[in-house]
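J.: Turn this into a structure:
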Amino acid sequence: MSTTSGTSGNKIILGYLIGALGASFFATKGILIKLALIENVDAITTLTWRMIIALPFFILIGYFGYRRRVAQTKGKLLTWKALATVGAIGALGYYLASYLDFAGLTYISAQFDRLILLTYPIFVVLIGAIFQGRPLQPKMLIALFISYGGLAVIFARDLQLDGHSTIIGASLVLGAALSYAVYQVLAKPHIDRIGARLFTSIAMTAAGLVVIVHFFIVNDLSDLSLPPRAMMLMFAVATISTVVPAYLISISIGMVGPEPTAVIGNVSTLVTIGLAVSVLGEPFTIWHAAGAAMVLIGVISFTQMDRVAKEAAARKVQIPS
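T.: Okay, the predicted model is just below:
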């Protein structure tokens, strides 16, 4: 019994680490997009190149993932209905959320963008509580309030620095946060059934096709021609900020669930702040430092309480009746 419990605990910790790593890679996205804007590459062009470059990775990984899952299940893994459902979830999570986020970065700083995106765990937890009847432990709520209190401190300071022009950008990115939260909740049962690798491949491929269609509705093919420096940024956005973290986040959701993965994503704010200050020269004040410390305390507290609760639940299941 103790060996099984220890293995379960190690899996949960590994799931947290994978989620934090994926969030950190995602955190580079805002920096790279800001650099692309400096190169006069707009949001939809960056998003399209992101998907054009990333699609071959998703299709190839998805193909081998499908063959592996079919061999494991010894039967038909996907119906057309299931394929369409996963594709629709991918369009919601990776097309709509990404487009709103990219567009919002035109108006606000990378730090502000990341802070708003980090509100999506609130939506994830509330969706789970309202529609799925998942209990909310008071101690976890306290940890969430500490974390988001820190975000509020940084948010207020950034709003003061950036001025009222941030309202449009903030509204767009808030829409992205809500879209991504719904995606995380909807993704969990499908990831459990077909595996994180295959799910992410299908979801991202569907989202990529929608992005490309969107581009050609509003742009010409010649608009994809970019100078070498801009193309380097496109490759970085597609690989470092898209392919790698997409799979890491899906694996984390499959291992620990959407709520812990969502809250762990808060650590990405520290990565974004560091890169925004060092690479983009964005301001960082004592208020940012205080808020970041609160975020870190909240995240560590939440993950610890969630791990203990899951280990206790696993021990109860193992006790014979």
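
J.: Below-threshold pLDDT in the stretch 51-200 of the chain: ranges please.
T.: Within the stretch 51-200 of the chain, the stretches with pLDDT under 70 are 74-77, 121, 132, 134-136.

J.: Check the stretch 201-321 of the chain too.
T.: Low-confidence segments of the stretch 201-321 of the chain, defined by pLDDT under 70: 259, 262-263, 266, 303-304, 306-321.

J.: one more time with 50
T.: In the predicted model of the stretch 201-321 of the chain, residues 319-321 satisfy pLDDT under 50.

J.: what about Gly274, distance to Leu296?
T.: Here Gly274 is placed at a distance of 13 Å from Leu296 (Cβ to Cβ, to the nearest Å). C-beta coordinates here come from the backbone N, C-alpha and C atoms, glycine included.

J.: Also Asp113?
T.: Relative to Leu296, Asp113 is positioned 19 Å away (Cβ to Cβ).

J.: which one of the two has more residues nearby?
T.: Comparing Asp113 with Leu296 by neighbour count (other Cβ atoms under 10 Å), the higher total belongs to Asp113, at 29 against 17.

J.: how far out from the middle of the chain is stretch 28-39?
T.: In terms of Cα atoms, centre = their mean, to the nearest Å, the centre of stretch 28-39 is found 17 Å from the chain centre.

J.: what does stretch 148-166 give?
T.: 21 Å.

J.: For that stretch, list every residue counted as buried.
T.: Buried residues in stretch 148-166, counted by 16 or more other Cβ atoms under 10 Å: 148, 150-151, 153-155, 157-159, 162, 166.

J.: So which of those belong to helices?
T.: With helices taken from DSSP state H, the overlap with the buried residues of stretch 148-166 comprises 148, 150-151, 153-155, 157-159, 162, 166.

J.: For the spatially closest residue to Val185 that is not a sequence neighbour, give its distance to Asp220.
T.: Taking Cβ to Cβ, 6 or more residues apart in numbering as the measure, Val185 lies nearest to Ile127, with 5.0 Å between them; neighbours along the chain are not counted. When distance is defined by Cβ to Cβ, Ile127 is 40 Å away from Asp220.

J.: how about His164, phi and psi?
T.: Note on His164: backbone dihedrals following degrees, to the nearest 10 are phi -70, psi -10.

J.: With Pro283 instead?
T.: Torsion angles at Pro283 (phi, psi; degrees, to the nearest 10) stand at phi -70, psi 150.

J.: Many thanks, we can stop here.
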